[in-house]
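K.L.:
the sequence and its predicted three-dimensional model are supplied below.
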Amino acid sequence: MSDGTSPGRSIGKRCVVLSIPGLRERDLPGMPRLLALMEAGVTVPLEPEFPAVTCPVHAAMTTGAKPCEHGVIANGFYWREGTDVPEHSRPGTVELWTAWDAAVQTPRVWDQLREADPALTSAVWFPMPAKGASADTICTPAPIHNPDGSESLWCYTKPTELYGELMGELGHFPLMNFWGPLSAVTSSQWIVDSAVLAQKSHPTRFAFVYLPHLDYAAQKFGPDSAEHERAVGELDAVIGSLANGLEEAFAGDECVWIVAGEYAITPVSGPAYPNRVLREAGLFTPVEQDGLEHFDPTATPAFAVCDHQLAHVYLRDEADVERAAEVLRATDGVAAVFTGEDRGEIGLDCSRAGDLVLTAEPDRWFAYYWWTDDAKAPPFARTVDIHRKPGYDPVEMFLKPGTRETPLDATLVKGSHGLTRATGGGADTDTVLLISDPELRPAGGPATHAEIPELALRALAHVD
């Protein structure tokens with residue numbers, strides 16, 4: 001398991017980027033350990049690029065590019081048949097939470113660092129997507145799907161044998177605490193513990209670490225809830241343990257910390273249902289199997305891939321674009337509908353985007369449901385199934401009382417995200433950027449996620 005280095009060996013100046021969903025400037029007073037890392041540094045507002053959801057934000061932070069450049073236009077894709085579908089994906093399918101780096105169309109920060117200086121090695125811990133990336137070390141969830149439908153806990157790592165070493169010290173990554181009704185700080189704690197262990201056996205100059213914990217309570221109970229406030233304190237303790245562990249692992253090497261909020265979660269009062277609206281207009285046709293209504297993207301005139309406060313609507317026939325746009329514009333909870341070149345107003349005039357892109361009213365979000373009778377909902381609707389649903393489903397964080405089922409009640413959700421200032425979300429959608437080295441303060445107004453690769457390069461390669 002050795003790469004020729006010894007634990008604790010000094011290899012030069014380091015840079016650690018922490019990616020934290022749901023982090024707001026108002027949360028910082030409850031995070032003394034994080035603030036201690038930034039004692040001599042700077043804190044600046046960060047304005048996300050639309051759409052402010054996980055995968056596009058991770059792509060921006062790791063490429064420095066915009067959505068139509070890096071190609072990650074949402075947390076989910078519809079891979080149109082006859083188009084350039086990346087390796088590991090299948091044409092004619094909707095794919096949520098794409099795991100493979102092949103979906104990203106521009107060089108990532110670890111490629112940029114290596115090009116500047118081959119000695120600038122990188123560790124990539126849990127950003128999406130990461131499988132198959134060219135970084136030196138990688139760890140990301142990759143549960144094994146068994147023939148009987150069950151899952152076995154596992155992570156994709158580079159080198160392959162690294163997960164065995166991590167598991168030997170820490171046990172399996174607690175996937176059940178990473179998402180779903182059992183979401184908990186233990187997943188973020190495992191991430192930081194494994195990142196520290198990997199730095200001891202495979203030291204790198206740069207590390208990107210995703211810490212998801214603030215995503216949970218803010219969506220489930222609301223961003224101003226007591227549960228979110230408690231989560232802030234829990235995450236701060238995790239950051240403290242990461243700082244302590246890396247201080248030992250880095251053997252005295254100077255480290256620049258860059259901590260970026262991914263987005264701010266804002267309160268919502270309820271969902272809108274684009275697929276039900278399309279169905280009522282005769283544009284969405286479910287497929288009935290054994291009395292239940294399923295979804296086939298190749299067999300319906302139109303459908304929406306719903307993703308927090310945006311939705312990509314794909315149509316089989318260009319002639320239906322205006323009719324679909326008309327009914328959706330009249331839908332309660334839909335703020336705007338962008339078609340054709342107008343999608344350029346929100347940075348999504350590209351082939352991977354929907355023929356229509358919807359934005360929600362600031363206090364609403366989009367649920368993927370298409371059925372009008374819960375008795376006809378497909379079986380996976382009542383489970384935690386992040387791959388078969390054609391849309392993000394935060395209701396998976398809840399359990400139906402007395403059962404182990406996901407309820408079919410989208411009104412339970414109290415927080416969402418995705419909008420930005422530019423798309424009507426207002427200042428409450430801003431997050432925050434903290435940098436331990438004040439000389440790296442970004443110039444101009446609010447910072448952006450796309451500046452982070454350059455900041456890392458400046459931190460490590462001394463680029464002015």
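P.N.:
Good, I have the coordinates.

K.L.:
got any ranges where this structure has weak pLDDT?
P.N.:
Across the chain, the ranges flagged by pLDDT under 70 are 1-9, 148-150, 462-464.

K.L.:
outline the domain layout of it.
P.N.:
Listed by automatic domain parsing, the domain ranges of the chain are 14-71+106-266+425-461, 270-413.

K.L.:
Tyr78 is nearest to which of the ones you listed?
P.N.:
domain 270-413 (5.0 Å; Cβ to Cβ). The C-beta positions use only the backbone N, C-alpha and C, and glycine is treated the same way.

K.L.:
sorry, back to before: now render the domains of the chain as TSV, adding mean neighbour count and distance to Pro91.
P.N.:
Shown next, in TSV, are the domains of the chain (neighbours: other Cβ atoms under 10 Å; distance: least, Cβ to Cβ, whole Å):
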stretch	mean neighbour count	distance to Pro91
domain 14-71+106-266+425-461	20	16
domain 270-413	19	9
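
K.L.:
what would those look like in TSV with distance to Ala99?
P.N.:
Below are these laid out as TSV (distance: least, Cβ to Cβ, whole Å):
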stretch	distance to Ala99
domain 14-71+106-266+425-461	5
domain 270-413	10
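
K.L.:
so which of these comes closest to Asp84?
P.N.:
Of the domains of the chain, nearest to Asp84 by Cβ to Cβ is domain 270-413, at 8.0 Å.

K.L.:
end to end, how far does that closest one reach?
P.N.:
Start-to-end span of domain 270-413 (Cα to Cα, to the nearest Å) is 7 Å.

K.L.:
now do stretch 296-316
P.N.:
Distance across stretch 296-316, first residue to last, is 12 Å (Cα to Cα).

K.L.:
how far away from the center of its chain is it?
P.N.:
Between the centre of stretch 296-316 and the centre of its chain there are 20 Å (Cα atoms, centre = their mean, to the nearest Å).

K.L.:
returning to that earlier point: wait, which of the domains of the chain is closest to Glu81?
P.N.:
Closest among the domains of the chain, using Cβ to Cβ: domain 270-413, at 7.2 Å.

K.L.:
tell me where the stretch 301-450 of the chain has helices.
P.N.:
Ranges of helices in the stretch 301-450 of the chain, per DSSP state H, counting those that start in this stretch, are 321-329.

K.L.:
tally of neighbours for Gly82?
P.N.:
Using other Cβ atoms under 10 Å, Gly82 has 7 other residues around it.

K.L.:
quote the end-to-end distance of stretch 250-265.
P.N.:
Note: stretch 250-265 ends 34 Å apart using Cα to Cα.

K.L.:
for stretch 205-213, same thing?
P.N.:
Across stretch 205-213, first to last residue, Cα to Cα, it's 25 Å.

K.L.:
before we move on, what about stretch 407-420?
P.N.:
Terminal residues of stretch 407-420 lie 29 Å apart, using Cα to Cα.

K.L.:
cool, stretch 211-230 as well?
P.N.:
So stretch 211-230: terminal residues 16 Å apart, Cα to Cα.

K.L.:
and it, how far from the chain's centre?
P.N.:
When distances are taken as Cα atoms, centre = their mean, stretch 211-230 is centred 16 Å away from the chain's centroid.

K.L.:
so what's Ala130 up against?
P.N.:
When contacts are counted by Cβ atoms under 8 Å, 6 or more residues apart in numbering, Ala130 is found next to Ala99, Asp101, Val124, Ile138, Thr140, Tyr156.

K.L.:
restricted to strands, list those.
P.N.:
Those of those mapping onto strands are Val124, Ile138, Thr140, Tyr156, per DSSP state E.

K.L.:
which residues does the last one contact?
P.N.:
Think Tyr156. Shown in contact with Tyr156 (Cβ under 8 Å, 6+ apart): Ala99, Ala130, Lys131, Ile138, Cys139, Thr140, Pro141, Ala142, Tyr163.

K.L.:
and which of those is nearest His387?
P.N.:
Lowest distance from His387 to the contacts of Tyr156 (Cβ to Cβ) belongs to Ala99, with 9.8 Å.

K.L.:
tell me the phi and psi of the nearest residue to the closest one once chain neighbours are set aside?
P.N.:
Leaving out its chain neighbours, the residue that sits closest to Ala99 by Cβ to Cβ, 6 or more residues apart in numbering is Lys131, at 4.6 Å. Main-chain torsions, Lys131, degrees, to the nearest 10: phi -60, psi 130.

K.L.:
quick check, Lys131 in contact with Trp100.
P.N.:
Yes - if you go by Cβ atoms under 8 Å, Lys131 and Trp100 touch, sitting 4.8 Å apart.
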